[in-house]
Each structure stands twice: as C-alpha cells, then as structure tokens.
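**Student:** Show me the folded form of this:
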Amino acid sequence: MQLETWKITGGGFHFGLHGLGQEQTDFIFHSDSLFSALVSQLVALEGSLAADEFLEPFRAGNPPFLLTSTYPFAGEVAFFPTPQLRQVETPTGHPTLRPKERKRIAFVSTEVFRRLANGESLADLYISGRLLQKKSLLLSAAEAAALPESMAKGESQVWEIEKRPRVVLGRHTQNSQIYFTGQVAYTPGCGLWFGVHWLMDDPQARFTLRNLLEHLAVSGLGGERSAGLGACQIQPWGTIELPDAAGKYWTNLSRYHPRPEEIGCLTAPNASYRLEPVGGWLQSAASSGQRRKAVTMVVEGSVLGPLAVETPGALPDARPGYEKDPDPLKHQVIRLGQTVAVGLDVEGVPE
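**Tutor:** Have a look, this model is predicted:
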C-alpha cells in the first residue's frame, strides 16, 4: 500500500477534547475531524450540493481516497500510533517491557512501525532505539540523525502544551473576566503529518482534495481560529510504502466505525483495541450551538482481525435530535469512520 503524505506546520493549534473545557487541547487532529473540516470548506466554497456530490462515493462504500489521522513529525522522522500488539510468552532471557513502559510509548517512527508490522518485538526495538517527548515517542538509533539539531542534542521537545490567557467582557456591565485556552505549539522543524490512501486514479478527486487543503490552511485547523490559532501550511511530503491488510491482521491509522458485518474483526483471538465515544460541537449554516450525537469509534493503533473488504468502516450520521424537534438541521452530519488499514504479522510476535 502506498500512502501519500502531507505535513502541517504552524504557530499554534487548539484541538478540542470531548467532555473537557477550553483549557484542554489534544496534540493531534483526528481523521474524522480532518474530513469534516474539508467538507465544511467545500460547503463554504461551492455550496451544499457540491458537498453532497463529493460525499456520495463515500456513502456508497466506494471512496476515491481515505485519510489517516494527523500524527507528529520531527525533522524528517514521521511517527505512527504504536500498534497495540498483545504481549505473549517469551523465552527466558528475552527482553520484555513492563506495562507502564509499553503504555507510555504512544507513537513509533516509520522504521520502527514497519518492523513491528513485520513481526519484530517492541521490546527489542525499545532497547536499541531512542526515546523522545518524555518517553512517548520511539525511533531507531539510525533515524536520530534526521531529527532537528536541537532535538538531537536533547534540548527541546517535539511539542509543548500551554494555557493561553483570554479576556471576555460582560455585555451589559462591561466587566472583564479572564479565562484560559489550551494551545499546542510544535517546535520549529516539527509539526503534524497525515496520509492519503488513494483507492482509485481520479484526477478530479485529486484536484478537489488539493484545492480544499490549500483553502483549509488559510482558514485554519481546529478551534479558536478567531483568536489567531490554527493558521498553518499544508504541503506534500512524499510517499510511504506500508504492508497491505488483505487477509491479515491489521492496525488502523484512522478512527474506525465498523459496519455490522465487520464486528468479527473485534472478536478475533489476537485483537486488541480501545473504544472511544466521539462527540463535540458541530458547525452548520442551518443552526448554531448544536452538539453532535456521540459516535463510538475504534481508537487508532488498535489491532484487528482479518476482513475481506478493502475499505473497512462506515460513515455514521451524528446529527442531533430532540423530543420537540427530531431533526433540527434537516441534513446529515457525517463522521468519517472508514479507516486506512495496514497489515500486521502477529503470529509468534514476542513482546
């Protein structure tokens, strides 16, 4: 499988977390939110009819492309979510990782990810590798030369999360009140990247996606854009070859919402996954201040059983509904639950 990659760089971002206030921010932007931002951009540029036409092949289960979530990069090193491979019995004397150490490694570099996909041990790669960002990022010793100079010397982090002070004025009394907004800032030479898996050669879809990404970079990514956050540059970053998932165990690089006939991948003997309810506020010209229905997603980096489909996942409708008004928006609120799948060799993997 060939993954077309794009990198995102900018001054600061606010990626909201479900159920938490503005003081909190995530440090990545998930695939369903990125896809929704693109569709929202298309509506603003060309109207809802153009968006419906764009979404039709996704609804029909025949999308021209799939998106990954965004993940950190440092210098020329891209990081992937660590596949949650089950720990199995190991021979005496073979290196093992304590549960705390395994849990802390949230992302691994391209080389480490490929080697895990090919059946190598995370424990072996941990011992011979290098750790960044408070031991949450693992890369190989050879890849350290591709890091920014300050990071290679251990003088900086890939990203920092801080609270940014804001002031609100009372409408009538004009009294001021301070509050804080979470902001994630990436070190120079670092940022986020995401992948596009093209499933068909469609020049029009490629043109549309590139055009939407150009406009999205200007309008901004994430929340708090009116306060100066989110402005960024989105640029092509080459391609990465990864193992195909056909007939194999696999890991997801995007949030995943299984179709009913795909539930078997969650019950496979070596499956290991985590579920997350995804809600939040929506943006619609029909009505403001509406919350999406929560949709249950399989978290990125899960390990799932073999499937006989090339594009796993569904597009759940998260439109709100109330007793007095079952359909206040009069249109769908699509969340991208179709995922980019990477094949894994999970048999006999010592962890």
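**Student:** Quick one: residues contacting the residue minimising distance to the centre of the chain.
**Tutor:** Nearest to the geometric centre of the chain sits residue 69, at 2.1 Å (Cα atoms, centre = their mean). Residue 69 makes contact with 28-31, 34, 81, 194, 253-255, 300, according to Cβ atoms under 8 Å, 6 or more residues apart in numbering. Where C-beta positions appear, they are placed from N, C-alpha and C, glycine not excepted.
**Student:** State the distance from the residue nearest to residue 140 when sequence neighbours are not counted to residue 253.
**Tutor:** What sits nearest to residue 140 in space, not counting adjacent residues and going by Cβ to Cβ, 6 or more residues apart in numbering, is residue 111, at 4.7 Å. Going from residue 111 to residue 253 by Cβ to Cβ, to the nearest Å gives 16 Å.
**Student:** More neighbours: which of those two?
**Tutor:** Shown here are residue 111 and residue 253; by other Cβ atoms under 10 Å, residue 253 has more neighbours (26 against 17).
**Student:** thinking the more buried one is in contact with residue 338, fair?
**Tutor:** No. Between residue 253 and residue 338 there is no contact under Cβ atoms under 8 Å: 11.5 Å.
**Student:** Now the common contact residues for the two.
**Tutor:** What both residue 253 and residue 338 touch, as defined by Cβ under 8 Å, 6+ apart, is an empty set.
**Student:** just to revisit the earlier point, out of the contacts of residue 69, which two sit at the greatest distance?
**Tutor:** Farthest-apart pair in the contacts of residue 69 is 34 and 81; separation 15.0 Å (Cβ to Cβ).
**Student:** What sits closest to residue 131 if chain neighbours are left out?
**Tutor:** residue 138 (5.9 Å).
**Student:** My guess is that neighbour contacts residue 130. True?
**Tutor:** Yes. Using Cβ under 8 Å, residue 138 is in contact with residue 130, at 7.5 Å.
**Student:** Let me know the helix or strand that the closest residue in space to residue 345 that isn't next to it in sequence is in.
**Tutor:** Leaving out its chain neighbours, the residue that sits closest to residue 345 by Cβ to Cβ, 6+ apart is residue 119, at 3.9 Å. Using DSSP states H and E, residue 119 sits in no helix or strand.
**Student:** what about residue 119, how many neighbours?
**Tutor:** 14.
**Student:** And it, its phi and psi?
**Tutor:** phi 100, psi 10 (degrees, to the nearest 10).
**Student:** With residue 4 as the reference, measure out to it.
**Tutor:** Distance from residue 119 to residue 4, by Cβ to Cβ: 26 Å.
**Student:** low-scoring stretches of the protein, by residue?
**Tutor:** 18-24, 87-95, 155, 166-168, 170-174, 179-180, 280-290, 321-323, 325-332, 347-351 (pLDDT under 70).
**Student:** That one: helices as residue ranges?
**Tutor:** Ranges of helices in the chain, per DSSP state H, are 31-46, 48-59, 99-104, 110-117, 122-128, 149-152, 203-219.
**Student:** Going by neighbour count, which residues in the fifth one are buried?
**Tutor:** In terms of neighbour count (16 or more other Cβ atoms under 10 Å), helix 122-128 has its buried residues at 122-123, 125-126.
**Student:** can you pull the contacts of the residue nearest to residue 140?
**Tutor:** 139-140, 142-143.
**Student:** what's the answer for residue 104, then?
**Tutor:** 134-136.
**Student:** Residue 277 and residue 298 touch, don't they?
**Tutor:** No. The pair residue 277 / residue 298 is not scored as a contact, 11.6 Å apart, by Cβ under 8 Å.
**Student:** For the nearest residue to residue 109 once chain neighbours are set aside, the count of nearby residues, please.
**Tutor:** Spatial nearest neighbour of residue 109, excluding adjacent residues (Cβ to Cβ, 6+ apart): residue 139 at 3.6 Å. The criterion is other Cβ under 10 Å. On that basis, residue 139 has 25 neighbouring residues.
**Student:** dump the residue contacts of residue 139.
**Tutor:** 77, 79, 108-109, 111-112, 129-130, 132, 147.
**Student:** if we go to 7 Å?
**Tutor:** 77, 109, 112, 129-130 (Cβ atoms under 7 Å, 6 or more residues apart in numbering).
**Student:** Which two of those have the greatest separation?
**Tutor:** 77 and 129 (11.6 Å).
**Student:** Show me how this protein divides into domains.
**Tutor:** 2-243, 244-351 (automatic domain parsing).
**Student:** Quote the end-to-end distance of the longest one.
**Tutor:** Here the two ends of domain 2-243 are set 9 Å apart, with distance taken as Cα to Cα, to the nearest Å.
**Student:** ok so, going back, any chance of the helices of the chain in TSV, with distance to residue 181 too?
**Tutor:** Formatted as TSV, these follow (distance: least, Cβ to Cβ, whole Å):
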stretch	distance to residue 181
helix 31-46	18
helix 48-59	29
helix 99-104	27
helix 110-117	33
helix 122-128	36
helix 149-152	26
helix 203-219	19
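**Student:** how about those helices, which one is nearest residue 317?
**Tutor:** helix 48-59 (9.9 Å).
**Student:** What residues of that closest one count as buried?
**Tutor:** 51, 54-55, 57-58.
**Student:** Of these, which is the nearest to residue 208?
**Tutor:** Of the buried residues of helix 48-59, the one sitting nearest to residue 208 (Cβ to Cβ) turns out to be residue 54, at 6.8 Å.
**Student:** Look up how far residue 222 lies from that closest one.
**Tutor:** 22 Å.
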